[in-house]
Each structure stands twice: as structure tokens, then as C-alpha cells.
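# can you look at this prediction? I've put the sequence above it.
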Amino acid sequence: MGIVAPALLDETRVEDFDRLMHLNVRSALVCTQAPLPGMRERRHGRIVINASRVVLGKEARSLYSATKGALQSMARTWALELAGDGITVNCVAPGPIATTAFWENNPPDSERARRIIDNIPAQRMGRPEDVAQAVSFFCDARSGFVTGQTLFVCGGVSVG
């Protein structure tokens with residue numbers, strides 16, 4: 001989750017840049033640093049960051065995609081830095097998931113929402129449980145050799 005602030009490039013406000021970076025990126029940095037000493041001490045840890053399918057591009061999402069791309073880049077860097085400590089760092093990148101945030105930015109009766117839904121290869125909206133399953137995979141003890149990766153949970157939207 002995070003702040004989206006949808007706007008086309010020429011309507012994008014510089015004030016929103018600072019607001020989105022502060023919430024979407026700075027908070028991830030602070031929340032990742034907090035448990036790090038304990039993870040290092042135990043020589044084990046799992047960090048899963050919520051990115052978004054928008055890192056591949058989506059109109060009217062300049063700032064949101066920039067923040068989610070920053071998270072993805074930080075995760076890859078942290079994966080390299082922390083692998084020797086037994087800590088993995090990965091991202092889930094949800095696509096269209098039926099959440100309050102999705103419906104607030106894409107009203108259910110809007111043409112935009114209909115276009116999004118009609119273009120999902122899986123022919124359904126994602127559910128929060130779909131994202132939770134991806135997070136569970138990254139947190140599983142058997143996934144200790146997977147680090148620095150992004151798993152798109154998008155019903156195939158990122159493929160085409």
C-alpha cells in the first residue's frame with residue numbers, strides 16, 4: 001500500500017513527489033532498519049517489500065511508479081548486502097487487486113476500471129489472499145536461496 005496520487009506528467013505536482021517518497025520509500029527504509037540488528041544476530045531473516053506492477057509502466061502513475069521502482073531497487077541492493085547474514089530481501093509486485101485503494105483510484109462503474117478488468121489474462125481481479133500467498137512463499141524457510149527477486153502477482157498483466 002502507499003499513496004498513489006494519480007496524475008499525467010503535466011499535471012504532476014512537485015509537492016506530491018516529496019509526500020509519496022516520504023511515505024512509500026522512507027517508511028520502508030525505517031521499517032527495514034529497525035529489525036535488522038536482531039536478524040543479523042540470529043543470522044536469519046526475511047524482508048518482503050510491497051512494490052507494484054506499475055514499475056513496468058502505467059499512465060498517470062509517474063510518482064507512484066517512481067516510488068515503487070525505488071523500493072524494488074533498494075530491495076535488490078539490500079539482497080546483496082544482507083545475503084551473507086542469512087537474510088533474504090524480495091518484492092511482491094501486485095497488479096489489479098480488489099482492495100479499497102484500487103476502487104478509490106478506479107471507481108467500479110468507470111470505463112477505466114472496466115478496461116483494467118477486461119485486460120487481465122486470468123479473467124478476474126486479484127484478491128488480497130493472492131498477495132499474501134506470494135509473501136508467504138518468500139517468508140518460507142525453504143525459500144532461503146531466493147533473494148533480490150520481484151514476484152508479479154497480477155493475473156498475467158505484466159506478461160503482455
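Structure received. Numbering: from 1, shown residues only.

# do you know how far the residue of the chain positioned farthest from its centre is from Val89?
Distance from the C-alpha centroid of the chain peaks at Glu41, with 27.4 Å (CA atoms, centre = their mean). As judged by CB to CB, to the nearest Å, Glu41 and Val89 stand 17 Å apart. Bear in mind the C-beta positions are built from the backbone N, C-alpha and C, glycine included.

# ok, the nearest residue to Pro107 once chain neighbours are set aside - contacts?
Counting by CB to CB, 6 or more residues apart in numbering, the nearest residue to Pro107 once its immediate chain neighbours are dropped is Ala113, at 6.2 Å. Going by CB atoms under 8 Å, 6 or more residues apart in numbering, Ala113 touches 103, 106-107.

# I'd guess Ala113 is in a helix, am I close?
Yes: secondary structure of Ala113 (DSSP: H, G, I helix; E, B strand; the rest coil): part of a helix.

# check what pLDDT it gets.
Ala113 is assigned a predicted lDDT (pLDDT) of 93.

# Gly148 too?
In this model, Gly148 is scored at 98, pLDDT.

# same deal with Met1?
51.

# same question, Phe102
89.

# next one: Asp85
98.

# any idea how far the residue nearest to Pro107 lies from Phe137?
Distance, Ala113 to Phe137, by CB to CB: 29 Å.

# next, the residue farthest from the centre of the chain: phi, psi?
phi -60, psi -40 (degrees, to the nearest 10).

# check contacts around it.
Listed by CB under 8 Å, 6+ apart, Glu41 has no contact partners.
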